[in-house]
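**Student:** next come a sequence and a model predicted from it.
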Amino acid sequence: QKEVEQNSGPLSVPEGAIASLNCTYSDRGSQSFFWYRQYSGKSPELIMFIYSNGDKEDGRFTAQLNKASQYVSLLIRDSQPSDSATYLCAVRGGGSYIPTFGRGTSLIVHP
Amino acid sequence: SAVISQKPSRDICQRGTSLTIQCQVDSQVTMMFWYRQQPGQSLTLIATANQGSEATYESGFVIDKFPISRPNLTFSTLTVSNMSPEDSSIYLCSVWGATSASSTDTQYFGPGTRLTVL
């Protein structure tokens, strides 16, 4: 049973701060890692993906992957109230189109 | 990218009835995926729908309860049969497609169908 674990939160940060979202996974053969943002009442949208150990930056977002420790994280710099949403971590094994999703972490950015 | 539409966007149904959800994609795709997202929960894959073959169901989901059609490469339907209040959920259609910024496939989701069963 492949598992993806996330703290459900809510994680509350002040505007302008760095929000750090974490995800651990059980399948050592996992090769692709995704972060989705889901606003209330909306469908998930992809914001980051990462395949290699280390950091990957895209604007205010940085994904960090550590395969040895089996965790992936998402940092959001200069957090804005518009970043308030649920962030879903998804992990996919090699040769499969079907990822396993975590339950998501609720992020609240307060002014 | 892929643009996905779903109908209906929401519905309120009576126990024991059935609802068919439609999913339309703006491009041809081999596989389409149906997910369920219950309140406060993550996405649970119901089945994978391939054109020209039977859908593949995940553990805990059966064809009699969730029959799926896939008549062509841009369209699929999911039926929720003999509904009970436990079926109240958001049902999402999904496909994988390439992005303009990367050759790597990414997953796209439809807007979802919010189902309430009384």
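**Tutor:** Perfect, I can see it now. Numbering: from 1, shown residues only, chains lettered A, B, ... in the order given.

**Student:** how about the strands in chain B?
**Tutor:** Here chain B has its strands, by DSSP state E, at B:4-7, B:10-13, B:19-25, B:31-37, B:43-50, B:56-57, B:68-72, B:75-80, B:89-98, B:105-109, B:113-117.

**Student:** could you export these as CSV, including mean neighbour count and mean pLDDT?
**Tutor:** Yep, even glycine has a C-beta here, placed from its N, CA and C like the rest. Converted to CSV, the strands of chain B look like this (neighbours: other C-beta atoms under 10 Å in any protein chain shown; pLDDT from 0 to 100):
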stretch, mean neighbour count, mean pLDDT
strand B:4-7, 17, 96
strand B:10-13, 13, 96
strand B:19-25, 19, 97
strand B:31-37, 23, 94
strand B:43-50, 21, 93
strand B:56-57, 16, 94
strand B:68-72, 15, 93
strand B:75-80, 21, 96
strand B:89-98, 21, 89
strand B:105-109, 20, 84
strand B:113-117, 18, 96
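
**Student:** enumerate the residues of chain B near chain A.
**Tutor:** B:31, B:33, B:40-45, B:48, B:92, B:96, B:104-112, B:114 (C-beta under 8 Å from any C-beta of the partner chain).

**Student:** mind running it again at 6 Å?
**Tutor:** Neighbours of chain A within chain B, by C-beta under 6 Å from any C-beta of the partner chain: B:42-43, B:92, B:96, B:106, B:109, B:111-112.

**Student:** now A:Ile76. Nearest residue, chain neighbours left out?
**Tutor:** A:Ala19 (4.3 Å; C-beta to C-beta, 6 or more residues apart in numbering or on different chains).

**Student:** next, count neighbours for the one you found.
**Tutor:** 24 (other C-beta atoms under 10 Å in any protein chain shown).

**Student:** give the contact list for it.
**Tutor:** Applying C-beta atoms under 6 Å, 6 or more residues apart in numbering or on different chains, one finds that A:Ala19 lies in contact with A:13, A:76, A:79, A:107.

**Student:** so how far is B:Ile68 from the second one?
**Tutor:** The one in question is A:Ile76. Distance, A:Ile76 to B:Ile68, using C-beta to C-beta, to the nearest Å: 37 Å.

**Student:** and if you look at the last one?
**Tutor:** When distances are taken as C-beta to C-beta, A:Leu107 and B:Ile68 turn out to be 34 Å apart.
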